[in-house]
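Undergrad: my questions concern the predicted model and sequence given below.
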Amino acid sequence: MTSASTFRIPVPARAAHRFVEVDGVEVFYRESLPERADAPEVLLLHGFPSASHQFRRLIDTLGSHYRLIAPDYPGFGHTRAPDGFTYSFERLADVVEGFTERLGLTRFAMYLFDFGAPVGFRLALRHPERIAGLIVQNGNAYAEGLSDAARAFTALTPDTPGAEQAVLDLFTLDATRAQYEGGTADPELIAPEGWLLDQRFLDLPGRRQAQRALAYDYKSNIAAYPTWQTWLRDRQPPTLITWGVRDPFFPAPGARAYLRDLPDAELHLFETGHFALEDHLPQIAPLIADFLDRTRA
């Protein structure tokens, strides 16, 4: 029997949950409260159909040593956008840019996951001097990183026969759950809270219209891939790539493609799906901590 004097219970990091106004958008965000005031700062950029809550366990695990900051985009999570807000990836980047400025972030690493890649790369192009490094987790920037299903879906336009139904089908509970559990070796390791909370947000008034607009706008990201790749080649940011290789949308070739432009990037592949943090946090969190420590040094 282990005595109380020898057994240490890990204590989750302290975190705050706040709103900040950015150009009429009430941006909800969560951030860790690290022990050191000069802790490295990391902007955590979430994907579809999720929000900042997808990083809750990562914040608990690493937030005592790093300032982890996770905003919800307009159209996601708890963030409240005004009527008439234009939902495009360019506008999401506008809001995240304003968010970083409101918080006084001048030098930070970015965690790019799914939609976080197009938002983050737009931010990097605007302010390359602010980017201390990249953590890329199933955040695509290369044509070979698109599966056949992703190519077909992102090619849809409002005039494509059947497009409207195909887009709306993505916002159902079955589709949301499948994004979490698809490709995982053991779906029982995926807690249901994530996809249930995502669906609750998707079902809010106006959210499906917002997501439909972003679905049709996704092709703007594919058109920007060459520009993002040029930025990577020119800037050579320190980069850690962790990737679920069974992702049905962004398969493993998209992870390896980064090495063409970033030969010094660190690449780790995991036998899981799109939401790799859900079942591989114990493997990925130490890699992130080591990367941040080395980047800071």
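TA: Ah, there it is.
Undergrad: give me the low-pLDDT residue ranges for the stretch 151-297 of the chain?
TA: Along the stretch 151-297 of the chain, the model assigns pLDDT under 70 to no residue.
Undergrad: just give the number of residues close to Glu35.
TA: Neighbours of Glu35 under the rule other Cβ atoms under 10 Å: 11. Yep, even glycine has a C-beta here, placed from its N, CA and C like the rest.
Undergrad: same question for the one 4 residues further on.
TA: For Ala39, the tally of surrounding residues (other Cβ under 10 Å) stands at 19.
Undergrad: can you tell me how far it sits from Ala81?
TA: Relative to Ala81, Ala39 is positioned 31 Å away (Cβ to Cβ, to the nearest Å).
Undergrad: assign Thr295 to helix, strand or coil.
TA: State at Thr295, reduced to three classes by DSSP: H, G, I helix; E, B strand; the rest coil: helix.
Undergrad: Glu26: how many residues sit nearby?
TA: Using other Cβ under 10 Å, Glu26 has 15 neighbouring residues.
Undergrad: who's in contact with the nearest residue to Ser32 once chain neighbours are set aside?
TA: Taking Cβ to Cβ, 6 or more residues apart in numbering, and ignoring the residues beside it in sequence, Ser32 has Gly63 as its nearest neighbour in space, at 2.6 Å. Neighbour list for Gly63: Pro12, Ala13, Arg14, Ala15, Ser32, Leu33, Pro34 [criterion: Cβ atoms under 8 Å, 6 or more residues apart in numbering].
Undergrad: show me which of these are buried.
TA: Among the contacts of Gly63, those classed as buried by 16 or more other Cβ atoms under 10 Å are Ala13, Ser32, Pro34.
Undergrad: is the first one in contact with Arg57, as I believe?
TA: No. Counting by Cβ atoms under 8 Å, no contact exists between Ala13 and Arg57, whose distance comes to 10.6 Å.
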